[in-house]
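[1] sequence-free structure coming up:
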(Lines give C-alpha, C1' and ligand atoms only; values in the text may rest on other atoms or scores of the structure.)
Protein backbone atom coordinates (compact mmCIF):
# COMPACT_ATOMS: atom_id res chain seq x y z
CA UNK A 1 0.00 0.00 0.00
CA UNK A 2 1.38 3.42 -0.96
CA UNK A 3 1.80 5.85 1.98
CA UNK A 4 -0.52 8.33 0.22
CA UNK A 5 -3.42 6.04 1.16
CA UNK A 6 -2.72 6.53 4.88
CA UNK A 7 -4.67 9.37 6.49
CA UNK A 8 -1.87 9.94 8.99
CA UNK A 9 0.57 10.82 6.20
CA UNK A 10 -1.75 12.14 3.51
CA UNK A 11 -0.51 15.74 3.57
CA UNK A 12 3.01 14.56 2.74
CA UNK A 13 2.05 12.75 -0.45
CA UNK A 14 -0.92 14.60 -1.96
CA UNK A 15 -3.53 17.31 -1.36
CA UNK A 16 -7.31 17.14 -1.08
CA UNK A 17 -7.69 18.66 -4.55
CA UNK A 18 -5.31 16.23 -6.19
CA UNK A 19 -6.74 13.27 -4.32
CA UNK A 20 -10.08 14.15 -5.87
CA UNK A 21 -8.63 14.60 -9.37
CA UNK A 22 -6.82 11.26 -9.23
CA UNK A 23 -9.47 9.32 -7.35
CA UNK A 24 -10.78 6.17 -9.00
CA UNK A 25 -14.23 7.69 -9.38
CA UNK A 26 -12.89 10.83 -11.10
CA UNK A 27 -10.71 8.68 -13.34
CA UNK A 28 -13.74 6.75 -14.57
CA UNK A 29 -15.69 10.01 -14.93
CA UNK A 30 -13.00 11.27 -17.29
CA UNK A 31 -13.17 8.02 -19.27
CA UNK A 32 -16.86 8.67 -19.70
CA UNK A 33 -16.11 12.21 -20.85
CA UNK A 34 -13.93 10.73 -23.59
CA UNK A 35 -16.60 8.23 -24.62
CA UNK A 36 -19.12 11.08 -24.72
CA UNK A 37 -16.81 13.23 -26.85
CA UNK A 38 -16.27 10.32 -29.25
CA UNK A 39 -20.00 9.80 -29.69
CA UNK A 40 -20.54 13.53 -30.12
CA UNK A 41 -17.84 13.78 -32.80
CA UNK A 42 -19.29 10.81 -34.70
CA UNK A 43 -22.72 12.38 -34.58
CA UNK A 44 -21.46 15.76 -35.73
CA UNK A 45 -19.78 14.13 -38.72
CA UNK A 46 -22.89 12.02 -39.39
CA UNK A 47 -20.99 8.78 -38.99
CA UNK A 48 -23.61 7.57 -36.49
CA UNK A 49 -27.22 8.72 -35.96
CA UNK A 50 -27.36 12.11 -34.28
CA UNK A 51 -29.93 10.91 -31.73
CA UNK A 52 -27.67 8.03 -30.72
CA UNK A 53 -24.73 10.39 -30.30
CA UNK A 54 -26.77 12.75 -28.17
CA UNK A 55 -28.07 9.96 -25.94
CA UNK A 56 -24.61 8.46 -25.38
CA UNK A 57 -23.12 11.89 -24.64
CA UNK A 58 -25.93 12.72 -22.22
CA UNK A 59 -25.83 9.44 -20.31
CA UNK A 60 -22.04 9.04 -20.16
CA UNK A 61 -21.97 10.45 -16.63
CA UNK A 62 -20.42 8.91 -13.56
CA UNK A 63 -23.64 9.42 -11.59
CA UNK A 64 -25.39 7.01 -13.95
CA UNK A 65 -22.86 4.22 -13.39
CA UNK A 66 -23.27 1.41 -10.86
CA UNK A 67 -19.67 1.60 -9.72
CA UNK A 68 -19.74 -1.51 -7.54
CA UNK A 69 -21.26 -3.55 -10.36
CA UNK A 70 -18.61 -2.24 -12.72
CA UNK A 71 -15.85 -3.34 -10.34
CA UNK A 72 -17.34 -6.82 -10.04
CA UNK A 73 -17.69 -7.07 -13.82
CA UNK A 74 -14.04 -6.08 -14.22
CA UNK A 75 -13.05 -8.94 -11.95
CA UNK A 76 -14.96 -11.36 -14.19
CA UNK A 77 -13.78 -9.96 -17.53
CA UNK A 78 -10.35 -8.73 -16.34
CA UNK A 79 -10.99 -5.67 -18.54
CA UNK A 80 -11.84 -2.28 -17.03
CA UNK A 81 -13.10 -0.68 -20.26
CA UNK A 82 -15.33 -3.60 -21.16
CA UNK A 83 -16.90 -3.31 -17.71
CA UNK A 84 -17.49 0.41 -18.25
CA UNK A 85 -18.89 -0.03 -21.76
CA UNK A 86 -21.35 -2.62 -20.41
CA UNK A 87 -22.49 -0.15 -17.79
CA UNK A 88 -23.02 2.49 -20.44
CA UNK A 89 -24.88 0.01 -22.64
CA UNK A 90 -27.17 -0.78 -19.72
CA UNK A 91 -28.44 2.80 -19.46
CA UNK A 92 -28.66 3.57 -23.19
CA UNK A 93 -31.34 2.42 -25.60
CA UNK A 94 -30.41 -0.58 -27.79
CA UNK A 95 -30.41 1.67 -30.86
CA UNK A 96 -27.80 3.94 -29.29
CA UNK A 97 -25.81 1.32 -27.36
CA UNK A 98 -24.51 -0.25 -30.56
CA UNK A 99 -22.42 2.89 -31.20
CA UNK A 100 -20.72 3.11 -27.81
CA UNK A 101 -16.89 2.99 -27.96
CA UNK A 102 -17.17 2.80 -31.76
CA UNK A 103 -13.74 2.65 -33.42
CA UNK A 104 -11.84 3.19 -30.15
CA UNK A 105 -9.38 1.07 -28.24
CA UNK A 106 -8.89 0.99 -24.48
CA UNK A 107 -5.67 2.97 -24.52
CA UNK A 108 -7.42 5.80 -26.39
CA UNK A 109 -9.88 6.21 -23.54
CA UNK A 110 -7.40 5.81 -20.70
CA UNK A 111 -4.77 8.10 -22.23
CA UNK A 112 -7.26 10.85 -23.08
CA UNK A 113 -8.87 10.47 -19.66
CA UNK A 114 -5.49 10.93 -18.01
CA UNK A 115 -4.86 14.01 -20.15
CA UNK A 116 -8.11 15.45 -18.78
CA UNK A 117 -7.03 14.68 -15.23
CA UNK A 118 -3.66 16.30 -15.88
CA UNK A 119 -5.34 19.38 -17.33
CA UNK A 120 -7.09 19.92 -13.99
CA UNK A 121 -3.93 19.08 -12.06
CA UNK A 122 -1.86 21.53 -14.09
CA UNK A 123 -4.17 24.36 -13.07
CA UNK A 124 -3.48 23.53 -9.41
CA UNK A 125 0.26 23.11 -9.89
CA UNK A 126 0.51 26.39 -11.78
CA UNK A 127 -1.63 28.22 -9.21
CA UNK A 128 0.50 27.00 -6.29
CA UNK A 129 3.75 27.64 -8.13
CA UNK A 130 2.64 31.18 -8.92
CA UNK A 131 1.78 31.64 -5.24
CA UNK A 132 5.20 30.32 -4.21
CA UNK A 133 6.95 32.70 -6.62
CA UNK A 134 4.93 35.58 -5.16
CA UNK A 135 5.64 34.64 -1.53
CA UNK A 136 9.37 34.15 -2.20
CA UNK A 137 9.55 37.44 -4.15
CA UNK A 138 8.03 39.25 -1.17
CA UNK A 139 10.52 37.51 1.14
CA UNK A 140 13.43 38.48 -1.12
CA UNK A 141 12.32 42.10 -1.21
CA UNK A 142 11.77 42.21 2.55
CA UNK A 143 15.30 40.91 3.19
CA UNK A 144 16.98 42.72 0.30
CA UNK A 145 19.37 44.37 2.76
CA UNK A 146 19.55 41.65 5.43
CA UNK A 147 23.28 40.94 5.29
CA UNK A 148 24.38 37.41 6.10
CA UNK A 149 27.36 35.19 5.47
CA UNK A 150 27.48 33.40 2.15
CA UNK A 151 28.72 29.83 2.44
CA UNK A 152 30.60 27.78 -0.13
CA UNK A 153 31.61 24.16 0.51
CA UNK A 154 29.85 24.57 3.91
CA UNK A 155 32.42 27.22 4.94
CA UNK A 156 32.08 30.96 5.48
CA UNK A 157 32.89 32.69 2.21
CA UNK A 158 31.77 36.28 1.47
CA UNK A 159 28.87 38.43 2.66
CA UNK A 160 25.58 38.30 0.79
CA UNK A 161 22.01 39.13 1.73
CA UNK A 162 19.22 36.76 2.62
CA UNK A 163 17.17 38.51 -0.02
CA UNK A 164 19.76 37.60 -2.65
CA UNK A 165 19.67 33.95 -1.59
CA UNK A 166 15.87 33.89 -1.87
CA UNK A 167 15.94 35.76 -5.19
CA UNK A 168 18.01 32.92 -6.66
CA UNK A 169 15.16 30.58 -5.67
CA UNK A 170 12.59 32.94 -7.18
CA UNK A 171 14.38 32.96 -10.54
CA UNK A 172 14.56 29.16 -10.47
CA UNK A 173 10.83 28.86 -9.75
CA UNK A 174 10.05 31.32 -12.53
CA UNK A 175 11.85 29.02 -14.94
CA UNK A 176 9.67 26.15 -13.75
CA UNK A 177 6.59 28.27 -14.46
CA UNK A 178 7.92 28.75 -17.98
CA UNK A 179 8.52 25.01 -18.31
CA UNK A 180 4.96 24.24 -17.20
CA UNK A 181 3.59 26.68 -19.77
CA UNK A 182 5.82 25.40 -22.55
CA UNK A 183 5.07 21.74 -21.80
CA UNK A 184 1.28 22.07 -21.72
CA UNK A 185 0.71 21.71 -25.48
CA UNK A 186 2.68 18.46 -25.43
CA UNK A 187 1.37 17.02 -22.16
CA UNK A 188 -2.30 17.95 -22.47
CA UNK A 189 -2.77 16.07 -25.72
CA UNK A 190 -5.63 13.69 -26.41
CA UNK A 191 -5.35 10.18 -27.78
CA UNK A 192 -7.52 8.45 -30.38
CA UNK A 193 -6.29 6.03 -33.00
CA UNK A 194 -8.05 2.69 -32.74
CA UNK A 195 -6.33 -0.67 -32.53
CA UNK A 196 -2.99 0.27 -34.14
CA UNK A 197 -3.43 4.03 -34.31
CA UNK A 198 -4.49 4.36 -37.97
CA UNK A 199 -8.20 5.26 -37.38
CA UNK A 200 -9.31 2.51 -39.80
CA UNK A 201 -13.00 2.55 -38.83
CA UNK A 202 -13.60 5.98 -40.34
CA UNK A 203 -11.62 5.90 -43.57
CA UNK A 204 -10.51 9.35 -44.69
CA UNK A 205 -12.72 10.99 -42.04
CA UNK A 206 -10.57 9.64 -39.23
CA UNK A 207 -8.59 12.88 -38.77
CA UNK A 208 -11.87 14.83 -38.68
CA UNK A 209 -13.21 12.58 -35.92
CA UNK A 210 -10.00 13.09 -33.98
CA UNK A 211 -10.15 16.87 -34.37
CA UNK A 212 -13.81 17.29 -33.40
CA UNK A 213 -13.38 14.92 -30.48
CA UNK A 214 -10.40 16.81 -29.05
CA UNK A 215 -12.09 20.16 -29.55
CA UNK A 216 -14.99 18.82 -27.51
CA UNK A 217 -12.57 17.74 -24.77
CA UNK A 218 -10.50 20.94 -25.02
CA UNK A 219 -7.33 18.94 -25.49
CA UNK A 220 -4.50 19.33 -27.95
CA UNK A 221 -5.05 17.52 -31.26
CA UNK A 222 -2.13 15.07 -31.77
CA UNK A 223 -0.24 15.17 -35.02
CA UNK A 224 -0.35 11.38 -35.09
CA UNK A 225 -1.29 8.58 -32.72
CA UNK A 226 1.08 8.28 -29.75
CA UNK A 227 0.15 4.82 -28.43
CA UNK A 228 3.78 3.76 -28.72
CA UNK A 229 5.39 7.18 -28.23
CA UNK A 230 5.46 7.98 -24.52
CA UNK A 231 8.02 10.77 -24.57
CA UNK A 232 5.54 13.48 -23.56
CA UNK A 233 4.56 11.70 -20.38
CA UNK A 234 8.21 10.98 -19.67
CA UNK A 235 8.69 14.73 -20.07
CA UNK A 236 5.89 15.32 -17.57
CA UNK A 237 7.58 13.07 -15.00
CA UNK A 238 10.93 14.72 -15.66
CA UNK A 239 9.43 18.18 -15.34
CA UNK A 240 7.91 17.29 -11.98
CA UNK A 241 11.23 15.85 -10.85
CA UNK A 242 13.00 19.07 -11.84
CA UNK A 243 10.47 21.08 -9.87
CA UNK A 244 10.86 18.71 -6.93
CA UNK A 245 14.64 18.99 -6.99
CA UNK A 246 14.40 22.77 -6.77
CA UNK A 247 11.91 22.59 -3.92
CA UNK A 248 14.12 20.06 -2.12
CA UNK A 249 17.12 22.34 -2.57
CA UNK A 250 15.25 25.16 -0.81
CA UNK A 251 13.98 22.85 1.93
CA UNK A 252 17.44 21.39 2.55
CA UNK A 253 19.07 24.80 2.76
CA UNK A 254 16.45 26.19 5.11
CA UNK A 255 16.80 23.10 7.30
CA UNK A 256 20.57 23.63 7.33
CA UNK A 257 20.17 27.29 8.26
CA UNK A 258 17.91 26.24 11.15
CA UNK A 259 20.65 24.15 12.76
CA UNK A 260 21.31 25.14 16.38
CA UNK A 261 24.83 26.37 15.57
CA UNK A 262 23.53 28.59 12.74
CA UNK A 263 19.99 29.52 13.83
CA UNK A 264 19.28 31.98 11.04
CA UNK A 265 15.81 30.68 10.13
CA UNK A 266 13.12 28.51 11.68
CA UNK A 267 10.17 26.83 10.03
CA UNK A 268 6.78 28.03 11.29
CA UNK A 269 5.02 26.29 14.16
CA UNK A 270 1.90 26.93 16.20
CA UNK A 271 1.00 26.18 19.79
CA UNK A 272 -0.07 22.63 18.94
CA UNK A 273 3.05 21.63 16.99
CA UNK A 274 5.12 18.80 18.52
CA UNK A 275 8.59 18.42 17.01
CA UNK A 276 9.85 15.51 19.08
CA UNK A 277 8.05 12.69 20.89
CA UNK A 278 10.68 12.58 23.65
CA UNK A 279 12.47 15.97 23.76
CA UNK A 280 10.08 18.85 24.49
CA UNK A 281 12.83 21.41 23.86
CA UNK A 282 13.28 20.44 20.22
CA UNK A 283 12.09 22.45 17.23
CA UNK A 284 12.98 20.04 14.48
CA UNK A 285 12.52 21.13 10.85
CA UNK A 286 10.15 18.22 10.25
CA UNK A 287 8.13 20.02 7.60
CA UNK A 288 11.21 20.88 5.58
CA UNK A 289 12.59 17.36 5.92
CA UNK A 290 9.27 15.86 4.82
CA UNK A 291 9.18 18.10 1.74
CA UNK A 292 12.69 17.00 0.83
CA UNK A 293 11.77 13.34 1.21
CA UNK A 294 8.67 13.75 -0.96
CA UNK A 295 10.74 15.38 -3.68
CA UNK A 296 13.29 12.56 -3.55
CA UNK A 297 10.49 10.11 -4.35
CA UNK A 298 9.80 12.05 -7.55
CA UNK A 299 13.31 11.33 -8.80
CA UNK A 300 12.64 7.60 -8.61
CA UNK A 301 9.55 7.92 -10.82
CA UNK A 302 11.45 9.43 -13.74
CA UNK A 303 12.92 5.98 -14.43
CA UNK A 304 9.41 4.62 -14.96
CA UNK A 305 8.71 7.33 -17.51
CA UNK A 306 11.87 6.57 -19.42
CA UNK A 307 11.18 2.85 -19.29
CA UNK A 308 7.68 3.40 -20.65
CA UNK A 309 9.17 4.92 -23.81
CA UNK A 310 10.66 1.59 -24.89
CA UNK A 311 7.45 0.24 -26.41
CA UNK A 312 7.48 -2.79 -28.71
CA UNK A 313 5.51 -2.48 -31.97
CA UNK A 314 2.28 -0.44 -32.00
CA UNK A 315 1.27 -1.02 -28.39
CA UNK A 316 2.75 -2.79 -25.41
CA UNK A 317 1.11 -2.83 -21.99
CA UNK A 318 4.32 -3.82 -20.21
CA UNK A 319 5.67 -0.35 -20.95
CA UNK A 320 2.43 1.66 -21.29
CA UNK A 321 1.06 0.62 -17.91
CA UNK A 322 4.38 1.29 -16.20
CA UNK A 323 4.33 4.94 -17.22
CA UNK A 324 0.57 5.51 -17.00
CA UNK A 325 0.39 4.20 -13.43
CA UNK A 326 3.10 6.64 -12.29
CA UNK A 327 1.49 9.81 -13.64
CA UNK A 328 -1.05 10.27 -10.85
CA UNK A 329 1.47 9.34 -8.15
CA UNK A 330 4.10 11.77 -9.42
CA UNK A 331 1.65 14.62 -9.92
CA UNK A 332 0.26 14.11 -6.42
CA UNK A 333 3.74 14.06 -4.88
CA UNK A 334 4.75 17.23 -6.72
CA UNK A 335 1.53 18.95 -5.69
CA UNK A 336 2.05 18.01 -2.05
CA UNK A 337 5.67 19.20 -2.04
CA UNK A 338 4.68 22.46 -3.69
CA UNK A 339 1.75 23.07 -1.36
CA UNK A 340 3.78 22.30 1.75
CA UNK A 341 6.72 24.44 0.63
CA UNK A 342 4.30 27.30 0.06
CA UNK A 343 2.98 27.00 3.62
CA UNK A 344 6.46 26.81 5.12
CA UNK A 345 7.62 29.84 3.12
CA UNK A 346 4.64 31.93 4.17
CA UNK A 347 5.41 31.51 7.86
CA UNK A 348 9.19 31.31 7.77
CA UNK A 349 10.91 32.95 10.74
CA UNK A 350 14.06 34.84 9.77
CA UNK A 351 16.53 35.77 12.54
CA UNK A 352 18.48 38.75 11.19
CA UNK A 353 20.19 39.26 14.56
CA UNK A 354 21.70 35.78 14.34
CA UNK A 355 22.74 36.49 10.75
CA UNK A 356 24.62 39.55 11.95
CA UNK A 357 26.33 37.57 14.71
CA UNK A 358 27.39 34.80 12.32
CA UNK A 359 28.68 37.39 9.88
CA UNK A 360 31.33 38.48 12.41
CA UNK A 361 32.01 35.02 13.81
CA UNK A 362 35.52 34.83 12.31
CA UNK A 363 36.63 38.32 13.27
CA UNK A 364 36.63 39.76 9.75
CA UNK A 365 38.44 36.92 7.96
CA UNK A 366 35.59 36.67 5.46
CA UNK A 367 36.87 39.92 3.90
CA UNK A 368 40.25 38.39 2.99
CA UNK A 369 39.45 38.42 -0.72
CA UNK A 370 38.90 42.19 -0.70
CA UNK A 371 42.15 42.87 1.12
CA UNK A 372 44.08 40.54 -1.19
CA UNK A 373 42.69 42.21 -4.30
CA UNK A 374 43.62 45.66 -3.04
CA UNK A 375 47.10 44.51 -2.01
CA UNK A 376 47.60 42.67 -5.31
CA UNK A 377 47.74 45.96 -7.23
CA UNK A 378 50.75 46.94 -5.12
CA UNK A 379 52.79 43.75 -4.71
CA UNK A 380 51.31 41.23 -7.17
CA UNK A 381 49.00 38.25 -6.90
CA UNK A 382 51.29 35.62 -5.36
CA UNK A 383 52.70 37.78 -2.55
CA UNK A 384 49.32 39.33 -1.74
CA UNK A 385 47.66 35.93 -1.49
CA UNK A 386 50.44 34.61 0.72
CA UNK A 387 50.40 37.52 3.19
CA UNK A 388 46.61 37.65 3.53
CA UNK A 389 46.34 33.88 3.86
CA UNK A 390 48.97 33.91 6.62
CA UNK A 391 47.09 36.67 8.44
CA UNK A 392 43.81 34.77 8.13
CA UNK A 393 45.35 31.60 9.56
CA UNK A 394 46.84 33.57 12.43
CA UNK A 395 43.47 35.11 13.23
CA UNK A 396 41.83 31.69 13.72
CA UNK A 397 44.06 31.00 16.76
CA UNK A 398 44.38 34.54 18.06
CA UNK A 399 42.42 36.82 20.33
CA UNK A 400 43.21 39.68 17.94
CA UNK A 401 41.00 40.70 15.07
CA UNK A 402 41.85 40.09 11.45
CA UNK A 403 42.33 43.81 10.99
CA UNK A 404 44.86 44.01 13.81
CA UNK A 405 46.88 41.07 12.51
CA UNK A 406 46.89 42.52 9.00
CA UNK A 407 48.16 45.86 10.25
CA UNK A 408 50.90 44.10 12.25
CA UNK A 409 52.37 42.82 8.98
CA UNK A 410 54.90 45.46 7.74
CA UNK A 411 54.37 44.61 4.07
CA UNK A 412 50.66 45.36 4.48
CA UNK A 413 50.94 48.33 6.86
CA UNK A 414 53.20 49.94 4.26
CA UNK A 415 50.18 50.44 1.99
CA UNK A 416 47.18 50.80 4.37
CA UNK A 417 46.34 52.70 7.51
CA UNK A 418 44.46 50.91 10.27
CA UNK A 419 41.39 52.99 9.50
CA UNK A 420 41.56 51.97 5.83
CA UNK A 421 41.80 48.30 6.77
CA UNK A 422 38.85 48.62 9.15
CA UNK A 423 36.80 50.16 6.36
CA UNK A 424 37.79 47.38 3.96
CA UNK A 425 36.67 44.58 6.28
CA UNK A 426 33.17 46.04 6.73
CA UNK A 427 30.93 43.38 5.11
CA UNK A 428 28.12 45.89 4.56
CA UNK A 429 30.26 47.59 1.91
CA UNK A 430 31.14 44.45 -0.05
CA UNK A 431 27.82 43.30 -1.44
CA UNK A 432 28.48 44.14 -5.07
CA UNK A 433 25.28 44.12 -7.10
CA UNK A 434 23.36 41.90 -4.67
CA UNK A 435 20.59 44.37 -3.89
CA UNK A 436 20.23 45.50 -7.50
CA UNK A 437 19.90 41.89 -8.64
CA UNK A 438 17.25 41.27 -5.99
CA UNK A 439 15.33 44.25 -7.35
CA UNK A 440 15.62 42.89 -10.89
CA UNK A 441 14.33 39.44 -9.91
CA UNK A 442 11.44 40.81 -7.85
CA UNK A 443 10.41 43.07 -10.72
CA UNK A 444 10.64 40.20 -13.20
CA UNK A 445 8.56 37.96 -10.94
CA UNK A 446 5.82 40.51 -10.47
CA UNK A 447 5.79 41.30 -14.17
CA UNK A 448 5.44 37.60 -15.00
CA UNK A 449 2.72 37.06 -12.39
CA UNK A 450 0.84 40.05 -13.73
CA UNK A 451 0.93 38.70 -17.28
CA UNK A 452 -1.65 35.93 -17.27
CA UNK A 453 -1.33 35.39 -21.00
CA UNK A 454 2.37 34.58 -20.62
CA UNK A 455 1.63 32.31 -17.66
CA UNK A 456 -1.23 30.36 -19.15
CA UNK A 457 -0.55 30.16 -22.86
CA UNK A 458 -2.98 28.39 -25.13
CA UNK A 459 -2.39 24.67 -24.68
CA UNK A 460 -4.94 23.56 -27.29
CA UNK A 461 -3.49 24.57 -30.64
CA UNK A 462 -4.63 23.58 -34.08
CA UNK A 463 -2.31 21.37 -36.14
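    Done, it's in. All figures in this text were calculated on a predicted structure; none of them were measured in a lab. Residues are numbered from 1 along each chain as shown.
[2] separation between residue 46 and residue 15?
    44 Å (C-beta to C-beta, to the nearest Å). Any C-beta I mention is one placed from the backbone N, CA and C, and that applies to glycine too.
[3] looking at the two, which one has more neighbours?
    residue 15 (18 against 10; other C-beta atoms under 10 Å).
[4] quick one: the more buried one and residue 336 touch, right?
    Yes: contact criterion C-beta atoms under 8 Å: residue 15 and residue 336 qualify, at 5.8 Å.
[5] and the end-to-end length of stretch 200-211?
    Using C-alpha to C-alpha, to the nearest Å, the end-to-end distance of stretch 200-211 comes to 15 Å.
[6] can you list the buried residues in it?
    202, 205, 206, 209, 210, 211 (16 or more other C-beta atoms under 10 Å).
[7] pretty sure the fifth one sits against residue 192.
    To tie it back to what came earlier, the one meant is residue 210. Yes: the pair residue 210 and residue 192 passes the contact test of C-beta under 8 Å, sitting 5.2 Å apart.
[8] list residues touching both of the two?
    By C-beta atoms under 8 Å, 6 or more residues apart in numbering, residue 210 and residue 192 have these common neighbours: residue 199.
[9] does residue 17 touch residue 125 like I think?
    No: applying C-beta under 8 Å as the test, residue 17 and residue 125 come out as separate, 10.2 Å apart.
[10] how close does residue 261 sit to residue 160?
    From residue 261 to residue 160 the distance is 19 Å (C-beta to C-beta).
[11] picking up where we left off before, when residue 17 and residue 125 are compared, which one has more neighbours?
    Applying other C-beta under 10 Å to residue 17 and residue 125 shows that residue 125 carries more neighbours, namely 22 against 17.
[12] tell me who's in contact with that one.
    180, 331, 334, 335, 338.
[13] would you map the strands across the chain?
    In the chain, the strands defined using DSSP state E lie at 147-152, 155-161, 265-266, 349-350.
[14] each with direction, which strands does the first one pair with?
    Okay, so that is strand 147-152. In the sheet, strand 147-152 lines up against strand 155-161 (antiparallel) (DSSP bridges).
[15] pLDDT below threshold where in the protein?
    1-10, 270-279, 281-282, 452-463 (pLDDT under 70).
[16] center of it - which residue?
    The residue lying closest to the centre of the chain (C-alpha atoms, centre = their mean) is residue 243, at 3.1 Å.
[17] just give the closest residue to that one, not the sequence neighbours.
    residue 176 (5.0 Å; C-beta to C-beta, 6 or more residues apart in numbering).
[18] in the longest helix anywhere in the chain, what's buried?
    The residue-count maximum for a helix in the chain (DSSP state H) belongs to helix 106-142. For helix 106-142, the neighbour count (16+ other C-beta under 10 Å) marks 106-119, 121-122, 124-126, 128-141 as buried.
[19] still on that earlier bit, among the strands of the chain, which is nearest residue 319?
    Nearest of the strands of the chain to residue 319, taken as C-beta to C-beta: strand 147-152 at 43.3 Å.
[20] what sits against the residue nearest to residue 95 when sequence neighbours are not counted?
    The shortest distance from residue 95 to any non-neighbouring residue, by C-beta to C-beta, 6+ apart, is to residue 52 (6.2 Å). Residues near residue 52 by C-beta under 8 Å, 6+ apart: 39, 43, 95, 96, 98, 99.
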